[in-house]
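Asks: Task: produce atomic coordinates for the following.
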Amino acid sequence: MRPLTIETGVQVHAEGSAMIALGLTRVLCAVSVEERVPPFLRGSGAGWITAEYGMLPRSTNTRSPRETSRIGGRTHEIQRLIGRSLRAVANLDLLGERTFTVDCDVIQADGGTRTAAITGGYIALALAMQRLVADGLYAAVPLTDAVAATSVGLVDGEVRLDLAYEEDSQADVDFNIVKTSAGVYVEIQGTAEGQAFSRDAMNAILDVADAGLDTLFQAQLDTLATADNA
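Replies: Numbering: from 1, shown residues only. All right, here's what the predicted structure looks like:
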């Protein structure tokens, strides 16, 4: 895994925020809490968690236009992935009729932005919920487990963890794996970019991912234990 750093309390107006860096990839995650829910949840007493994702124009080698009027298919898919991943470890029935919006903005991209957004987004979400506990709105944080994500690829016949862009662009097989700290998978995205892969190769990829995810879970735990959520 590339060098990992996590800084919390980076946006003072957000209920929870975290900047996660994996190598040269940096993603700012911030959570806003609103006293409303989507129409399909009104009157249910349950809450909702959703996500928005974006890349700053110069987060990549060349400038990418802002998605102002219409978001692209890739962005839409990543937003849905982040939302699904975070809802998988939340007890929505205990949220009350509140919406937690997790904004994930890529400051700098060098591979693994969606997986970093999930890992950092969880920390920001947990911090936001801790604030509501401190305010007396919740008796306890309504999260069942932690959730994190990482990428693994098969590059030149070798299984590699947490791919940087150069490795990702050369990978024959590319996986994104989302898992909870309870040991169950939320999502496995696997694609043969070059040559097809065997069941044995997939098992090896998942083994490497599991080891990397254990590192991320420990980092999340350590961060939340000492977090500055000012």
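Asks: Show the contacting residues for residue 37.
Replies: 44, 46, 47, 48, 97, 98, 99 (C-beta atoms under 8 Å, 6 or more residues apart in numbering). For the C-beta atoms, the positions are set from N, CA and C on the backbone; glycine is no exception.
Asks: Sticking with the residue lying farthest from the centre of the chain, tell me its helix or strand.
Replies: Using C-alpha atoms, centre = their mean, the residue of the chain lying farthest from its centre is residue 43. It sits 29.3 Å away. According to DSSP states H and E, residue 43 maps onto no helix or strand at all.
Asks: One more: residue 139?
Replies: Assessed by DSSP H and E, residue 139 sits outside every helix and strand.
Asks: what sits against it?
Replies: Residues counted as contacts of residue 139 (C-beta under 8 Å, 6+ apart) are residue 133.
Asks: Repeat that for residue 88.
Replies: Counting by C-beta under 8 Å, 6+ apart, residue 88 has contacts 147, 178, 180, 186.
Asks: Would you mind giving the residues you listed as JSON lines with secondary structure, distance to residue 123 and neighbour count added?
Replies: Output for the contacts of residue 88, formatted as JSON lines (DSSP: H, G, I helix; E, B strand; the rest coil; distance: C-beta to C-beta, whole Å; neighbours: other C-beta atoms under 10 Å):
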{"residue": "147", "secondary structure": "strand", "distance to residue 123": "10", "neighbour count": "30"}
{"residue": "178", "secondary structure": "strand", "distance to residue 123": "15", "neighbour count": "25"}
{"residue": "180", "secondary structure": "strand", "distance to residue 123": "14", "neighbour count": "19"}
{"residue": "186", "secondary structure": "strand", "distance to residue 123": "16", "neighbour count": "19"}
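Asks: sec struct for residue 27, please.
Replies: strand (DSSP: H, G, I helix; E, B strand; the rest coil).
Asks: partners of it in the sheet?
Replies: residue 20, residue 106 (DSSP bridges).
Asks: contacting residues for residue 138?
Replies: The neighbours of residue 138, taking C-beta under 8 Å, 6+ apart as the test, are 94, 129, 132.
Asks: Compare the residues you listed and tell me which is most surrounded.
Replies: With neighbours taken as other C-beta atoms under 10 Å, the top of these is residue 129, carrying 24 neighbours.
Asks: quick check, it in a strand?
Replies: No. With three-state DSSP as the criterion, residue 129 is located in helix rather than a strand.
Asks: which non-adjacent residue is nearest it?
Replies: Leaving out its chain neighbours, the residue that sits closest to residue 129 by C-beta to C-beta, 6 or more residues apart in numbering is residue 141, at 4.5 Å.
Asks: What's the local residue count around that neighbour?
Replies: Other residues close to residue 141 by other C-beta under 10 Å number 19.
Asks: Listing request: residues of this protein with sub-threshold pLDDT.
Replies: 69, 228-230 (pLDDT under 70).
Asks: Name the single longest helix found in it.
Replies: In the chain, assigned by DSSP state H, the helix with the most residues is helix 199-225.
Asks: re the thing from before, what subset of the contacts of residue 37 is buried?
Replies: Buried by 16 or more other C-beta atoms under 10 Å: 46, 47, 48, 97, 98, 99, out of the contacts of residue 37.
Asks: Backbone dihedrals for the last one, please?
Replies: What that stands for is residue 99. phi -110, psi 130 (degrees, to the nearest 10).
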